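J.: coords below, sequence missing:
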């Protein structure tokens, strides 16, 4: 809720966007590290150790979720840049997560729509079978490409959006949007 204040500071919107993206990435890695450290490594002495599953496998599986979290964060930033409000961006991002999971879940049990699972980024996390099969490098590459595309797609509308507008601003994504006024502070747009 501080975007109006932050945008009035003498920093570019691009820098602000990239700092926010870095904060999301840092938070995702920190949560994965805390989860791996507290849940898996710290409790290792009390694990029964049955089977072939090691603490290293659990740590890798935990960090394997980071790219999907980054993709969701990038989508949230994109929708926040074009959306009428933070609540709308959060709702649509949450809906995306649910749909991404449902597509994979339903497609994996229904032969006639099995190929639809490739449309879901959740499929590329390899999470249902990561402990048995490990990470798939091609799937990870697809996820990182999606992160890059969605992040770059969010940068342009973030730079061009009207801050106070309470409407969807798809034009900022596709080239339209507001042009900064000559008397506006650096990194802001005039309204």
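T.: Alright, I've got the coordinates. Keep in mind that what you see is a predicted model, and the values were worked out from it rather than measured.

J.: Please enumerate the helices of this protein.
T.: For the chain, the helices defined by DSSP state H occupy 3-7, 13-34, 55-64, 66-82, 86-109, 130-133, 137-160, 170-173.

J.: between those, which gets nearest to residue 41?
T.: With distances scored as Cβ to Cβ, the stretch of those nearest to residue 41 is helix 55-64 (6.0 Å). C-beta coordinates here come from the backbone N, C-alpha and C atoms, glycine included.

J.: I'd like to know which elements that closest one is packed against.
T.: Helices and strands touching helix 55-64, by 3 or more Cβ pairs under 8 Å, 6 or more residues apart in numbering; DSSP states H and E, are helix 13-34, helix 130-133.

J.: Show me which residues of stretch 156-175 are buried.
T.: The neighbour-count check on stretch 156-175 (16 or more other Cβ atoms under 10 Å) flags 156, 157, 158, 159, 160, 161, 169, 172, 173 as buried.

J.: if we can go back for a sec, and the helices and strands packed on helix 55-64: which comes nearest residue 80?
T.: Closest among the helices and strands packed on helix 55-64, once you apply Cβ to Cβ, is helix 13-34, at 9.1 Å.

J.: tell me what the helix or strand bottoming out on mean pLDDT in the chain is packed against?
T.: Lowest mean confidence among the helices and strands of the chain (mean pLDDT, DSSP states H and E): helix 3-7, at a mean of 73. Using 3+ Cβ pairs under 8 Å, 6+ apart, the elements in contact with helix 3-7 are helix 13-34.

J.: That'll do, ta.
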